[in-house]
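Trainee: model the following, please.
(chains A and B)
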2 protein chains.
Amino acid sequence: MPQHNHVEKHFMGSDFVRDIVIGMSDGLTVPFALAAGLSGAVDTTTLILTAGSAEIAAGSIAMGLGGYLAGKTDDEHYENELKREQLEVVEVPDREEEEVAEIFRGYGLEEEQVKSITSTMRKNPDQWVDFMMRFELGLEKQEPSRARNSAITIAISYIVGGLIPLMPYFFIHHPASALKVSVIVTLLALLVFGYVKGRFTGAKPWKSAIQTAVVGGLAAAVAFGLARLLS
Amino acid sequence: MPQHNHVEKHFMGSDFVRDIVIGMSDGLTVPFALAAGLSGAVDTTTLILTAGSAEIAAGSIAMGLGGYLAGKTDDEHYENELKREQLEVVEVPDREEEEVAEIFRGYGLEEEQVKSITSTMRKNPDQWVDFMMRFELGLEKQEPSRARNSAITIAISYIVGGLIPLMPYFFIHHPASALKVSVIVTLLALLVFGYVKGRFTGAKPWKSAIQTAVVGGLAAAVAFGLARLLS
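Mentor: Numbering: from 1, shown residues only, chains lettered A, B, ... in the order given. Got it, this is the predicted structure:
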């Protein structure tokens, strides 16, 4: 099934990019906003670095390990549905045939054509099950390494993204001065990241660049205002 | 097309649950871990509440608004692909016919059956395009309100989840004592959330409950250790 392989390959590529986008979007934004918020509330950068590092650790574990477990759940869901379909084509083949027929009737095929398709499917139970998985349930088998790779990609992207806004606080010990550098560096990073993300996801790159920077800037501004209010 | 409507409805339901799961997984975990981390590094709960609130604001904006923009990008992607397919069935119908044929050959249909299907499709360009969108590209049209609803659901779930671990710090002013209550309350909340999540996603509820609590507990433990190290 070359078509099937082609689709898998296409999905794998965009899954990797999607994982980087997921991890880095939040990694660039949340530690940035947290550090900005604390810059308006505390006098030393030690605490900002402590909180920022704790956030990066927590965020990368929550997103990475959380993503891993979600992927494992998807795998189990796929296997369970596969077993169910495999049973159903043996135990209630007429009902399953009717489900295939429904799909094709929806696309304007004549009853005679539908009958011809379903009778061919009944002769190839494996392909029949494969068809039901993909076209009735919309499920696709993932590579076994998918959940693990996804977890690692998301976690590393989150850490890399999160270290960028924190860097200035390592070198500049006055929170307000470090914040200024962090804002400039991070907004630039968000613009570049948004632009590249747009190229990969098919959005207009400049629009994506500006939207990404606006989300990060807004999150930081709200966090700053809220931290000022509370402290 | 009753089949099509059925699929849409099914997807909408699980999208709502999925959004709550996305928002609450991170909302319960990251502010919990951040507060736990800071509890080992500071002497007053004011700063933990400030950092925690800033984190909740940043996280809910990053995830909600980020999710909104991602949804809008998906909508645009769908519309662009739709226009491309609509052009292609008019401009290069033979190539498009071959793409439909490939899909069906992959499921064991005879050349004669494939020919019969493709010639019927050519008579109904709208249904043909619909078929290509769904079965070649795996794209489905979302409700226009989808991106906005998704953003609001994720953001609110993040805020609700994040306030649970922070609550004890409002009432107990000694960080170490507040942390103990926060750990108990949040682990219980993670167990309940994981259990309910398991019921909805088809995973084993108790397994899901324990996994969810372990991710939260691990994130908090690492954040606590790292904050201790750095402060």
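Trainee: what about chain A, any weak spots by pLDDT?
Mentor: A:1-13 (pLDDT under 70).
Trainee: domain ranges for it?
Mentor: With domains defined by automatic domain parsing, chain A comprises A:14-70+A:146-230, A:77-136.
Trainee: and the longest helix seen in chain A, does that touch chain B?
Mentor: Counting by DSSP state H, the longest helix found in chain A is helix A:45-91. Yes: using CB under 8 Å from any CB of the partner chain, helix A:45-91 reaches chain B at A:46-47, A:49-51, A:53-55, A:57-59, A:61-63, A:65-66, A:69, A:73, A:76-77, A:80. The way it works is simple: take the backbone N, C-alpha and C, and place the C-beta from them, glycine included.
Trainee: now restrict those residues to buried residues only.
Mentor: A:47, A:49-51, A:53-55, A:57-59, A:61-63, A:65-66, A:69, A:73 (16 or more other CB atoms under 10 Å in any protein chain shown).
Trainee: need phi/psi at A:Leu109.
Mentor: The phi and psi values for A:Leu109, taken as degrees, to the nearest 10, are phi -80, psi 150.
Trainee: relative to chain B, how far out is the most far-flung residue of chain A relative to its centre?
Mentor: Farthest-out residue of chain A from its mean C-alpha position, per CA atoms, centre = their mean: A:Glu112, at 43.0 Å. Separation of A:Glu112 from chain B (CB to the nearest CB, to the nearest Å) stands at 9 Å.
Trainee: which residues in chain A form helices?
Mentor: Using DSSP H, helices in chain A cover A:2-39, A:45-91, A:93-105, A:111-123, A:125-131, A:146-171, A:175-201, A:205-230.
Trainee: select, out of the ones you listed, the one closest to B:Glu99.
Mentor: helix A:2-39 (8.4 Å; CB to CB).
Trainee: so A:Phe32 sits against A:Ala219, correct?
Mentor: Yes: the pair A:Phe32 and A:Ala219 qualifies as a contact (CB atoms under 8 Å) at a distance of 7.5 Å.
Trainee: any common contacting residues for the two?
Mentor: Jointly contacting A:Phe32 and A:Ala219 under the rule CB atoms under 8 Å, 6 or more residues apart in numbering or on different chains are B:Ala58.
Trainee: so what's the nearest residue to A:Lys204 once chain neighbours are set aside up against?
Mentor: Nearest non-adjacent residue to A:Lys204, counting by CB to CB, 6 or more residues apart in numbering or on different chains: A:Gly198, 6.0 Å away. Neighbour list for A:Gly198: A:204-209 [criterion: CB under 8 Å, 6+ apart].
Trainee: check contacts around the nearest residue to A:Arg105 once chain neighbours are set aside.
Mentor: Among residues not flanking A:Arg105 along the chain, A:Val114 sits closest, at 6.0 Å (CB to CB, 6+ apart). By CB under 8 Å, 6+ apart, the residues touching A:Val114 are A:101, A:104-105.
Trainee: dump these to CSV, plus neighbour count and distance to A:Phe171.
Mentor: Below are the contacts of A:Val114 laid out as CSV (neighbours: other CB atoms under 10 Å in any protein chain shown; distance: CB to CB, whole Å):
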residue, neighbour count, distance to A:Phe171
A:Ala101, 18, 68
A:Phe104, 21, 65
A:Arg105, 17, 67
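Trainee: could you single out the nearest of these to B:Arg122?
Mentor: Of the contacts of A:Val114, the one sitting nearest to B:Arg122 (CB to CB) turns out to be A:Phe104, at 15.4 Å.
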